[in-house]
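Trainee: sequence first, then the predicted structure:
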Amino acid sequence: MNTNTKKVVTRFAPSPTGFMHVGGVRTALFAWLFARKNNGTFILRIEDTDKKREVEGSIEHIIKSLKWLGINWDEGPDVGGPNAPYLQSQRLDTYKKFAQELYERGLAYADPYSEEELDVLRKKSEEQKKAFLYREYRPENPPKWDGTKPLRLKIINEKRYVWNDLIRGELSAGPEALDDFILMKSDGYPTYNFAHIIDDYLMGVTHIFRGDEFVSSTPKFLALYEALGIERPEFAILPPIIGADGKKKLGKRDGAKDLMEYEKEGYFPEAMVNFLAFIGWNPGDEREVMSVKEIINAFDINKIQSAGGKFNEDKLLWLNKEYLKRIPIEVFENDIGKIISKKFSIDSSLLKRIAPVILERINKYSELENYLENGEFDYFFKDPKLSKEMIIWKKDGTLEQAKDNLQLILNILNEILDSNFTLEILKEKVMKFAEEKGKGNVLWPLRVVLSGKEKSPDPFTLLFLLGKEKSMTRIKNAIDFI
């Protein structure tokens, strides 16, 4: 197929089964990137012919998931287009028309066997220690096809197929990979193997991106292209996504999550796009953090690897932090302000002071929610509960010593003008005193009475973040408590 003379058309055709696996999303992303890089058309088509597996609300979930990532489509169920409708369940007459043509040309026939009879034939093959091939039991005089029985493709030419894959190069399979597969089911719905080929042909799809699980089915597809007398598109088999253990494909049992779980956890869609794009592809240089526009500009199908790519959530978390650091500070303050205000009232002045500390601590917004839930940042918003035992410096301190040092720190803070209550001046004044009296005996009690915790930002940072008034009030309360 000469792709240079045709406008690029790609598609994503998921089944509405309720779960948007990252593998399927990566397939959609690569097809979309290729279309956008080549100024082509990207189609969203819903393959809803397996009604037993369909989950209510899944189509809306698919659309929501793709839109969250910023993947848009030129044709689809919600936007329409010249090839509408885009739900396979609304295209049944089209499939029946092509099926009828194959039947009338003697290239398809009605399957007369019941499930029980097929089980007997399978067991027969099993006893003979060979793979079951339906064509070896093809009925000599099949009944007339009236739509009440499955319709099967009749494999005329049992041959070896050789085809080129844009990623894996030359692939081939012998006649053992060919069988008379079902085109139309007895319920009037087409199989995936039949419907997607008809739709791709009618919608002018030029390039099909799909997972490696479809390699074994490709000879059947090629036989159907030949039977229909239509030109096949280009194939691009994407590398599998490997689980964190690096041993097998990522699946639900290995912790694979629905895409929108990552949104709930506070990941940025741009970070997820960046992450998924790099599973099996790279721009060929040292860049790791790339905007969607940069990825589109750099996307080259020749740089997609054939070997599996690991799904490393640590890398995703790192990427998300990189994007977190890149958003304007006003946006970050607004975002965390909304999260904090669910539990505490907070003024803009305190929010601005604590934002850098929170940014340093979190990689995604859900971590802030968890910290707040666990009381990690309570000391910013309410006076801590104190423990006399915790106030004492562990190595060689006493309670009286802590009380005396806190009183002296209070005197130091009182002498600092409000306008000079900066991190630099606080560190200079308090550290000078700490070096005279012993750092541990000064800084440890100060940290504890300000935060109520053994682990927190350093006491200078706490003084600055809490402000002069609140810091002195907490120290006074601690002295009274002791």
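Mentor: That came through fine. Not measured: the values here are computed from a predicted model.

Trainee: which strand or helix spans residue 464?
Mentor: Following DSSP states H and E, one finds residue 464 within helix 459-466.

Trainee: in stretch 374-382, which residues are buried?
Mentor: Residues 376-380 are the ones in stretch 374-382 that count as buried (16 or more other C-beta atoms under 10 Å). (Each C-beta comes from the backbone N, C-alpha and C, glycine too.)

Trainee: what mean pLDDT does that stretch get?
Mentor: Regarding stretch 374-382, the rounded mean pLDDT is 93.

Trainee: can you mark which positions in whatever helix or strand residue 123 lives in are buried?
Mentor: Using DSSP H and E, residue 123 sits in helix 115-127. By 16+ other C-beta under 10 Å, helix 115-127 has no buried positions at all.

Trainee: C-terminal to it, what's the next element?
Mentor: Assignment by DSSP H and E places the next element after helix 115-127 at strand 151-153.

Trainee: what strands line up against that following strand, and which way round?
Mentor: Strand 151-153 sits in its sheet next to strand 108-110 (antiparallel), strand 182-184 (antiparallel), going by DSSP bridges.

Trainee: mind giving me the packing neighbours of the helix or strand hosting residue 274?
Mentor: For residue 274, the host element (DSSP H and E) is helix 269-277. Where contact means 3 or more C-beta pairs under 8 Å, 6 or more residues apart in numbering; DSSP states H and E, helix 269-277 is packed against helix 22-37, helix 58-69, helix 259-264, helix 292-298, helix 313-326.

Trainee: hey, which of the strands paired with strand 151-153 is tucked in deepest?
Mentor: Ranked by average neighbour count under the criterion mean count of other C-beta atoms under 10 Å, the strands paired with strand 151-153 are headed by strand 182-184 at a mean of 24.

Trainee: so what touches that strand?
Mentor: Where contact means C-beta atoms under 8 Å, 6 or more residues apart in numbering, the residues beyond strand 182-184 that reach it are 95-96, 99, 102, 108, 111, 147, 150-153, 190-191, 193-194, 224.

Trainee: now do 6 Å
Mentor: Applying C-beta atoms under 6 Å, 6 or more residues apart in numbering, the external contacts of strand 182-184 come out as 99, 108, 150-153, 190-191, 194.

Trainee: go through the helix or strand following that strand and flag the buried ones.
Mentor: Sequence order places helix 192-202 as the next helix or strand after strand 182-184, per DSSP H and E. If you call a residue buried by 16+ other C-beta under 10 Å, then helix 192-202 has these buried ones: 194-201.

Trainee: let me have the helices and strands packed on helix 269-277 in JSON lines, extended by distance to residue 469.
Mentor: Shown next, in JSON lines, are those (distance: least, C-beta to C-beta, whole Å):
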{"stretch": "helix 22-37", "distance to residue 469": "50"}
{"stretch": "helix 58-69", "distance to residue 469": "43"}
{"stretch": "helix 259-264", "distance to residue 469": "38"}
{"stretch": "helix 292-298", "distance to residue 469": "46"}
{"stretch": "helix 313-326", "distance to residue 469": "31"}
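
Trainee: mind putting the ones you listed in a markdown table, mean neighbour count and mean pLDDT included?
Mentor: Output for those, formatted as a markdown table (neighbours: other C-beta atoms under 10 Å; pLDDT from 0 to 100):
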| stretch | mean neighbour count | mean pLDDT |
| --- | --- | --- |
| helix 22-37 | 23 | 97 |
| helix 58-69 | 18 | 97 |
| helix 259-264 | 17 | 94 |
| helix 292-298 | 16 | 98 |
| helix 313-326 | 17 | 97 |
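
Trainee: among those, which comes closest to residue 167?
Mentor: Distance to residue 167, taken as C-beta to C-beta, is lowest for helix 22-37 among the helices and strands packed on helix 269-277, at 9.8 Å.

Trainee: which helix or strand lies directly C-terminal to that closest one?
Mentor: By DSSP H and E, the next helix or strand past helix 22-37 is strand 41-44.

Trainee: burial count for residue 385?
Mentor: Number of residues near residue 385 (other C-beta atoms under 10 Å) recorded here: 9.

Trainee: scratch that, residue 364 is what I was asking about
Mentor: Number of residues near residue 364 (other C-beta under 10 Å) recorded here: 20.

Trainee: okay, now the domains of the protein?
Mentor: Domain ranges of the chain: 1-80+239-326, 329-379, 383-482, per automatic domain parsing.

Trainee: export those as a markdown table, with columns for distance to residue 119.
Mentor: Listed next are those as a markdown table, based on distance: least, C-beta to C-beta, whole Å:
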| stretch | distance to residue 119 |
| --- | --- |
| domain 1-80+239-326 | 19 |
| domain 329-379 | 50 |
| domain 383-482 | 64 |
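
Trainee: quick one: closest of the ones you listed to residue 87.
Mentor: Checking the domains of the chain against residue 87 by C-beta to C-beta gives domain 1-80+239-326 as the closest, at 4.8 Å.

Trainee: centre of the chain to the closest one, how far?
Mentor: Chain-centre distance of domain 1-80+239-326: 7 Å, with C-alpha atoms, centre = their mean, to the nearest Å.

Trainee: repeat for stretch 353-370
Mentor: Using C-alpha atoms, centre = their mean, the offset of stretch 353-370 from its chain centre is 22 Å.

Trainee: quick one: contacts of that stretch?
Mentor: 265-267, 317, 320-321, 333, 336, 339, 380, 457, 465.

Trainee: out of those residues, who's nearest residue 181?
Mentor: For those, the nearest to residue 181 is residue 267 (40.1 Å; C-beta to C-beta).

Trainee: wasn't the closest one part of a helix?
Mentor: No - membership of residue 267 in a helix is not supported by DSSP: H, G, I helix; E, B strand; the rest coil, which gives coil.

Trainee: gap between the nearest residue to it once chain neighbours are set aside and residue 92?
Mentor: Among residues not flanking residue 267 along the chain, residue 320 sits closest, at 5.2 Å (C-beta to C-beta, 6 or more residues apart in numbering). Going from residue 320 to residue 92 by C-beta to C-beta, to the nearest Å gives 44 Å.

Trainee: got it, and residue 222?
Mentor: Taking C-beta to C-beta, one finds residue 222 at 25 Å from residue 92.

Trainee: same question, residue 117
Mentor: 27 Å.

Trainee: for residue 178, same thing?
Mentor: Note on residue 178: its distance to residue 92, by C-beta to C-beta, is 27 Å.

Trainee: who's more crowded, the two?
Mentor: residue 178 (21 against 15).
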